Each structure stands twice: as structure tokens, then as C-alpha cells.
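Q: sequence? don't have it. structure:
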């Protein structure tokens, strides 16, 4: 019974988090129970606006841990097409052996819409075919029961199942607000005496046990404020996995979006809600202009004495960097966070070297960006799952971290350079996303995919530009 109530509470909590809008109309499996050796077939349908889109299905085990990832797409008729998941191969076979039998959760999401929380379904899985209790079918049947329109009595009939919104606490039964009418009247006893129910008389009250001394409550030291999206009254806004620049661009370029934001957040700026630096509100209307490149103000301040004099007179307590909302560049010889100087070169700290995607993080502004998370998932789920991939990552890290801290520092200091890097690495990110949908079960497959991606990127970054250059020169000669 406890297990049923706990699962119900988790599922109800999940439904509360999922937004009301549903771009995936239907999502289910062909059965509700599987054993090792079966192939799990996912089917579903999207709305018309989301036809012909890439989708991913994340599978979680009974303990809530990630088990496997598979992908597919919706066709032009909005039908979701996903290859059957073989329970004897890949990450599912490995992780399900560790998780054991139980109820598994499958959640489908859109690859290019991180703000969409997905639609889920559940199914039983057992290695040896032993039944799961309670089963996924029983849970979904209870979920489909209509809720009563009137308040349920404190002791419901046995034929009417109830659906608690929070896990029941059997060890702490709720006390009735008023005593039962059948309770005998207790006589009033004098000071220092109490009523003894066994004898029906007033007896001397036993000595009260001294209350334990409580240690004085120590107020925790104030923690340094960390940057991040501000919690708002609108669920899911802003999405921490989305690039803050997406919201800033919409605010600056879409009048209807700006009107919606200012109406809902009259006391906050878009930058304060997103938890990122931005132009400071000043006493001079229109200055600084949020649609203007902050570097233009900085260049004028550094190169035009009259502009510098005007700024210092109007903002004696602020720097130009604080007003336009960018980080002040570090002086020569000083490296950014997580790096240190070695012979005039910024090198990533050894203890922080593993796990960072320095260039991509600096390019997209946050470690929570969808592109950065994709790179980490590919590394952890695909590359580090094989010996050849692990050897490749070790050699790649030794090479990558000799220059990535310096590039990342340049990106933080120059918005124009950051945009150039973002454009440059986009084709590579697109090709690497192939590994998210690849079912790699052997060293040979890992080598095949790896060599293929290296050749593909070499063609994009070297061969194609060379061909274009040759063709252009040939054309100009004529």
C-alpha cells in the first residue's frame, strides 16, 4: 500500500509540473509489461504545428535514475516514428540490470524545444518475467479514475478508491478536531492533581520530566549570492536550460513580447529576471540603449576624451562597465575563474579540467545552455562508455585544455569574438548530435562513428572552404 501511495504521489507531482499545453497529443508503448529480450515499441502523435521534428525519449528506472536515451522524429502526418528499443542491447541492457525490475518511466521531448517539458508513459520491466506489484497498468487505471465532485468522507467506502495528493503518513494518524460525543465527562481536579481513568478519581500529578536543554540556534552565515534566473510567479519562466540571450533578443525585437513582460514584471528588468548582467537603469532616459552593443559605449569612453568627461561627471560612482552591464576585462597577466597563468598563457586549473566545455560555455553564456548539455551527454553516454572513446577523450583533453582557457577568456572580453566562435562551432555541434541517436554497442561501432564524424567535420571546415576558394579564384580570373 505504501508503494502504491508513493508512486501515485510522484506521478501526480509530475502531472502538476507538466505545462497545460500539449504539443505531443499521444504517447504510449505497445504493451504495459516487458521482460528481457522484448523490443519496446513507442508510438504517438504530435499536433500539426510540430510535424516533421526530431524527438528524443529518455527512460528512467524505478529509483528515478537515467537508464537510456533513444530518438526518432515525427513525420509530415504528425505520426511519431521511433525505432524499437532492444532490451538486450546498449545502455538499457546495462542500466536495467543494475536497476532491477519495477516500473520504468519514458518521457518524450523535442530536441529543439528545451522549454517543452515532455509527455510521459510508464511500463513494467523484469529480467526474469516475474510480475511487478503494483503494476504500471494498475497505476494508470487508478490515475484514470474520475475525482469526486464533493469532499470525500473521512472513511470512504471500500469500493471507492481515493487518490491522495500527498504521500500518506500512516505512523501519524490525524487527530479529530472535536472529541467524540461518546467520550465520558472528565471531572475537574484541583491544582497539582490529575484525573486517573483507571480508578476514576483525582490523584497527585506525577513530577514532570525536565525538558531537555536545546542548543542555541546558530544563524547560518550569509552565502554569497549566485547568479541565475529569478524565481517568478509564472511556472517554467524563465527556463534555466535556455540561453538568456534568447529572451533578451525577444524583449528587444518583439513589441508584443516586451509589452507582456513589462505587464507581468513592472518592477524588474529582463536582465534581473534572467540573472545576468545588463544595462543599468540610469537617470538619463534612453541611456544606455539596451539594443546597442555595449562595446560601442566602452570604445567611446576609452577613445573620446569629451565623452569620458561627460560620463564621469554624470556617473561619478560607477564605471562604464557597470553602467553598460558587462564584466570589466582582467588586467594583463590575470586569467579568468578556473584558470591560472603559466608563462603568460591562461591554463585551466588541473582540478577543474575534467568535465568543462570551456569554449562552448563561454560562447553560449552558461553551463546550462542546451548545446553545452548536449556535449556533456555525448561525452558521458557515448564516448566514455567504450575503451576507444575513453582513450580518445584523454588525449583530446590534453590537447584541448592547452588553448581553450585563453579562447574562453577572449570570448568573455569581446562580445563580437564570442558571436564569431558561436557561429564557427555550430556546424560541429550539429554533426556531433548524431551520436545522441546512435546505438553504440561495440568498439568497432564507436570507431566507425568517430572516424566518420572526423571526416565529416574535416569536409565542412577544410575541404568545402578550399573548393569554394578555388572556384572563386577561377571565376575571378575570367
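A: In hand now; what should we look at? Worth saying up front: this structure is predicted, and the values here are computed from it rather than measured.
Q: can you tell me the element the most centrally placed residue in the chain falls in?
A: The residue lying closest to the centre of the chain (C-alpha atoms, centre = their mean) is residue 241, at 5.3 Å. Counting by DSSP states H and E, no helix or strand carries residue 241.
Q: what does residue 457 give?
A: helix 443-458.
Q: what residues sit buried inside the next helix or strand after that helix?
A: Heading C-terminal from helix 443-458, the first helix or strand you meet, by DSSP H and E, is helix 464-477. Residues of helix 464-477 classed as buried: none (neighbour count, 16 or more other C-beta atoms under 10 Å). (C-beta placed from N, C-alpha, C; glycine too.)
Q: same question for stretch 405-413.
A: Neighbour-count burial for stretch 405-413 [16+ other C-beta under 10 Å]: 405, 406, 407, 408, 409, 410, 411, 412, 413.
Q: now find how far off-centre that stretch is within its chain.
A: Distance, stretch centre to chain centre, for stretch 405-413: 25 Å (C-alpha atoms, centre = their mean, to the nearest Å).
Q: could you list the low-pLDDT ranges of this protein?
A: Scanning the chain for pLDDT under 70 picks out 1-22, 114-115, 117, 143-228, 330-356, 477-478.
Q: where exactly do the strands run in it?
A: In the chain, the strands defined using DSSP state E lie at 24-29, 33-35, 39-40, 42-46, 54-60, 66-74, 80-82, 85-86, 102-110, 119-126, 193-196, 201-204, 339-342, 345-348.
Q: mind listing what the first one pairs with, with the direction of each?
A: Which is strand 24-29. Applying DSSP bridges to the sheet, strand 24-29 is found paired with strand 42-46 (antiparallel).
Q: can you list the buried residues in the partner strand?
A: Across strand 42-46, burial judged by 16+ other C-beta under 10 Å covers 42, 44, 46.
Q: burial check on the spatially closest residue to the first one that is not a sequence neighbour, number of neighbours?
A: What it means is residue 42. Spatial nearest neighbour of residue 42, excluding adjacent residues (C-beta to C-beta, 6 or more residues apart in numbering): residue 82 at 4.6 Å. Counted with other C-beta atoms under 10 Å, residues neighbouring residue 82 total 20.
Q: got it, and the one 3 residues further on?
A: With neighbours defined by other C-beta under 10 Å, the count for residue 85 comes to 21.
Q: that one contacts residue 71, correct?
A: No: counting by C-beta atoms under 8 Å, residue 85 sits too far from residue 71 to count as a contact (10.6 Å).
Q: the residue nearest to residue 31 when sequence neighbours are not counted and residue 82: what is the separation?
A: Closest residue in space to residue 31, ignoring its immediate chain neighbours: residue 123 at 7.0 Å, by C-beta to C-beta, 6+ apart. From residue 123 across to residue 82, the span is 14 Å (C-beta to C-beta, to the nearest Å).
Q: cool, thanks, signing off.
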